[in-house]
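Novice: Make a model of this:
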Amino acid sequence: MNKKNYYILSEGILKRKENTLYFHNKKGKKPIPINKVYSIHAYGQITFSSQVMSLLSKNGIPIHFFNYYGFYNGSYYPRETLLSGDLVVKQSSFYLENSKRIELAKLFVEGAAKNILKVLKYYKIDSNIENTLQELDKTSKITEILNIEGRIRAEYYTKFDEILPDNFKMEGRSRQPPKNMINSLISFGNSMMYSTVLTELYNTQLNPTISYLHEPSERRFSLSLDLSEIFKPIFVDRLIFYLVNKKMITEKDFNQELNCCLLNDNGRNKFIKEYNKRLEKTIKHKDLKKNVSYQRLIRLEAYKLKKHILGVKKYDPFVIWW
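Specialist: Prediction:
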């Protein structure tokens, strides 16, 4: 039975009756088939009991919470059932040993940059990103690597205006809060990407709090930030270009406030629906020679990282091939 991501988009209460979950809101009561749920993403303020948490834990279902702005707030991360003490020790050693950490940090930036270049190539846009990426060879500090990553992304964002219509101009990156429509879409999509990666990490033996490009103290599940960098250009940015250029999302899908722009309920629903469709879409894997979902690609990336840490096979970051 294929399990799916479940999205809660309104305020309400999660209740448990025996081994079934029910979501109660103003519209009534809706059953949630627990054996069909892969993860839960809550965009409305919800209340639930320890009994609900117990059922989620028993079934290994993480629940991710997002705030009023649609940005990631936190997760209920069930007790891990795939723990490996040996892997945790080795994963930690790769953080503590500078040369090993630097190598992985560079590979994450390389993967992200190459996917960015693939996006720009699709739209026939030139950039200096390839030259900037070559500077990684001369770096020996995380701060230097992050500086290169920041410069690559900054140039990339300047190219958005060549892809998007005039009313969706970016005018620089703004985050908390986003000041225009395109920044709102980027922040919302990046939050979804982070929680998607976290769900996949839960289903591996990797510890999501031990990271390499980002500092582990930056966010509790900082390994999600590392892997998200690779997938944001192809999962989030390409989806934004598609939705805006096809006029599936328009100015009517935002609430524009003083120095702030946010997706409204209708806009969030559209984005989440199309984002989830992308996750469920399948592609024939060039190495496995079988169809896998886009979401499965993230799990496979985590497995590749695990093999690198265990010394089985050197990590080669995912780059889109289609």
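Novice: Residue 42 versus residue 201, what's the distance?
Specialist: 19 Å (C-beta to C-beta, to the nearest Å). The way it works is simple: take the backbone N, C-alpha and C, and place the C-beta from them, glycine included.
Novice: likewise residue 250?
Specialist: To residue 42, residue 250 is 26 Å away according to C-beta to C-beta.
Novice: neighbour-wise, which of the two wins?
Specialist: Legend: neighbour count by other C-beta atoms under 10 Å for residue 250 and residue 42, higher for residue 42 (23 against 15).
Novice: The more buried one pairs with what?
Specialist: Beta-bridge pairing for residue 42 (DSSP bridges): residue 8, residue 65.
Novice: Torsion angles phi and psi at the residue nearest to residue 215 when sequence neighbours are not counted?
Specialist: In space, and not counting its chain neighbours, residue 215 is closest to residue 222: 6.8 Å by C-beta to C-beta, 6 or more residues apart in numbering. For residue 222, the backbone dihedrals (degrees, to the nearest 10) come out as phi -70, psi -20.
Novice: List the residues that contact residue 222.
Specialist: 208, 209, 210, 211, 214, 215, 216 (C-beta atoms under 8 Å, 6 or more residues apart in numbering).
Novice: One more: residue 117?
Specialist: Contacts for residue 117 (C-beta under 8 Å, 6+ apart) come out as 127, 129, 130.
Novice: filter these to the buried ones?
Specialist: 127, 129 (16 or more other C-beta atoms under 10 Å).
Novice: and the contacts of residue 117 as JSON lines, adding secondary structure?
Specialist: Below are the contacts of residue 117 laid out as JSON lines (DSSP: H, G, I helix; E, B strand; the rest coil):
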{"residue": "127", "secondary structure": "coil"}
{"residue": "129", "secondary structure": "helix"}
{"residue": "130", "secondary structure": "helix"}
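Novice: Between the contacts of residue 117, which sits nearest residue 92?
Specialist: Nearest to residue 92 out of these is residue 129 (C-beta to C-beta; 32.6 Å).
Novice: Nearest spatial neighbour of the closest one, chain-adjacent residues omitted?
Specialist: That would be residue 152: by C-beta to C-beta, 6+ apart, it lies 5.3 Å from residue 129.
Novice: which element follows the secondary structure element (helix or strand) that that neighbour belongs to toward the C-terminus?
Specialist: Assigned by DSSP states H and E, residue 152 belongs to helix 142-158. Per DSSP H and E, helix 142-158 leads on to helix 160-163 as the next helix or strand towards the C-terminus.
Novice: List the buried residues in that next one.
Specialist: Counting neighbours by 16+ other C-beta under 10 Å, helix 160-163 gives 160, 163 as buried.
Novice: Report all helices and strands that the next helix or strand after it contacts.
Specialist: Downstream of helix 160-163, the first helix or strand assigned by DSSP H and E is helix 181-202. For helix 181-202, the packing partners by 3 or more C-beta pairs under 8 Å, 6 or more residues apart in numbering; DSSP states H and E come out as strand 37-42, strand 63-66, strand 72-76, helix 222-231, helix 238-245, strand 260-263, helix 265-280, helix 294-309.
Novice: Pretty sure residue 12 sits against residue 28.
Specialist: No: Residue 12 is beyond contact range of residue 28, at 10.0 Å (criterion: C-beta atoms under 8 Å).
Novice: more crowded one of these two?
Specialist: Using other C-beta under 10 Å, the more surrounded residue of residue 12 and residue 28 is residue 12, with 22 against 9.
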